[in-house]
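Q: only the shape, not the letters, is given here:
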């Protein structure tokens, strides 16, 4: 007989019923933001003026929409904890878009592309059994590693067909300027694997500094320092256990929906904020229509969502009436 999980630890049907009235407005709102974003991405991708720097705006935006779509998929299943982990990725994509589109776009965009290509090249070297890096990796794995036999599944043909960055591009602007700056930083005490694309040309030294430079420090502190702590499992105790008394505690069950309001609010706000610089950079003539779209298609559901959230708060209603006593 297959194993049945303890209902006190896993009862998703119970929680999906609890959040049904919340999702009536939240899901259409997020789905419309995603769909509008995909349509905008498609319009902006049709022969925009400029060079390769356009990729450094459009592809992070597509990544953001993919993470938003993951949130949309997870919410109806009441998988709120995994959904909130997408918010960190959404924030980082939005910071990338804003910083590149803000100023010096050609250099910043090419810095993003070059550093990404260099990081990929280093990774591919580690996969190649003929390289020194690849030989060291195989020694480090050892026979007991779950990846010890990965050579059987990832052969030389896949390595050879991996992403390539023609070295001839490094001799031509604007990549040449970026490469010169990268090698200058690499010649200092900074290790190559610590050179982030936004650090080139006297840019911010960390993602935290980047967020503050863009006026997004509060989002960084909340999403990186608090909500995404679960990525590193540093928040397992405070997130999973609630003290119910001097001698007892409650463990949250899987699919616990208590953070659904924060996840929905932030998914909406971060995605809308990232959409604006994409629109203004590629199609500023659509700005007024975009405002009208938001008022017509998003605001009614957003207002209903806010009313529900306020109702839960004012009535002391909660989405966490089940837990497992330990």
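A: Received, thanks. Fair warning: this is a prediction, and the values are worked out from it, not measured in the lab.

Q: once you drop chain neighbours, what's closest to the residue nearest to the spatial centre of the chain?
A: When Cα atoms, centre = their mean is applied to the chain, the residue found nearest the centroid is residue 89 (1.3 Å). In space, residue 89 comes closest to residue 67 once its chain neighbours are excluded; the distance is 4.8 Å by Cβ to Cβ, 6 or more residues apart in numbering. Yep, even glycine has a C-beta here, placed from its N, CA and C like the rest.

Q: before we move on, back to that, please report the distance of the residue nearest to the centre of the chain from residue 141.
A: Between residue 89 and residue 141 the computed distance is 28 Å (Cβ to Cβ, to the nearest Å).

Q: is it correct that the residue nearest to residue 89 falls within a helix?
A: Yes. Residue 67: assigned to a helix according to DSSP: H, G, I helix; E, B strand; the rest coil.

Q: where does residue 168 land on pLDDT?
A: Residue 168 is assigned a predicted lDDT (pLDDT) of 77.

Q: residue 289 should be in a strand, yeah?
A: No. Under three-state DSSP, residue 289 sits outside any strand and is assigned helix.

Q: switch to numbering from 13
A: Shifting the count to begin at 13 puts that one at residue 301.

Q: distance of it from residue 324?
A: Counting by Cβ to Cβ, the gap from residue 301 to residue 324 is 34 Å.

Q: neighbour count for these two, which is higher?
A: Neighbour count, other Cβ atoms under 10 Å: between residue 301 and residue 324, residue 324 has more, with 16 against 11.

Q: residue 183: how many residues sit nearby?
A: 9.

Q: ok, now which ones touch residue 68?
A: 108, 112, 120, 121, 122, 124, 125 (Cβ atoms under 8 Å, 6 or more residues apart in numbering).

Q: biggest separation within those residues, which pair?
A: Spanning the widest gap among the contacts of residue 68 are 108 and 122, at 13.5 Å by Cβ to Cβ.

Q: distance of residue 216 from residue 69?
A: Residue 216 sits 18 Å away from residue 69, taking Cβ to Cβ as the criterion.

Q: more crowded one of the two?
A: Ranked by neighbour count (other Cβ under 10 Å), residue 216 and residue 69 place residue 69 first, with 25 against 17.

Q: ok, the more buried one touching residue 113?
A: Yes. Counting by Cβ atoms under 8 Å, residue 69 touches residue 113, with 5.7 Å between them.

Q: need the residues touching each of these two.
A: Here residue 69 and residue 113 share the contacting residues 289, 290, 293, scored by Cβ under 8 Å, 6+ apart.

Q: what residues sit buried inside the host helix or strand of the second one?
A: If I follow you right, that is residue 290. In the assignment (DSSP states H and E), residue 290 maps to helix 272-294. Residues 272-273, 275-276, 278-280, 282-287, 289-291, 293-294 are the ones in helix 272-294 that count as buried (16 or more other Cβ atoms under 10 Å).

Q: same thing with stretch 60-80?
A: 65-73, 75-77, 79-80.

Q: returning to what we had before: adding distance to residue 268 and pLDDT, write the shared contacts of residue 69 and residue 113 out as CSV.
A: Conversion of the shared contacts of residue 69 and residue 113 to CSV gives the following (distance: Cβ to Cβ, whole Å; pLDDT from 0 to 100):
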residue, distance to residue 268, pLDDT
289, 35, 97
290, 34, 98
293, 40, 96
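
Q: TSV please, covering those and showing distance to residue 158.
A: Converted to TSV, the shared contacts of residue 69 and residue 113 look like this (distance: Cβ to Cβ, whole Å):
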residue	distance to residue 158
289	42
290	40
293	44
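
Q: please enumerate the helices of the stretch 213-338 of the chain.
A: With DSSP state H, counting those that start in this stretch as the criterion, the stretch 213-338 of the chain has helices at 219-225, 229-237, 248-252, 272-294, 299-305, 311-326.
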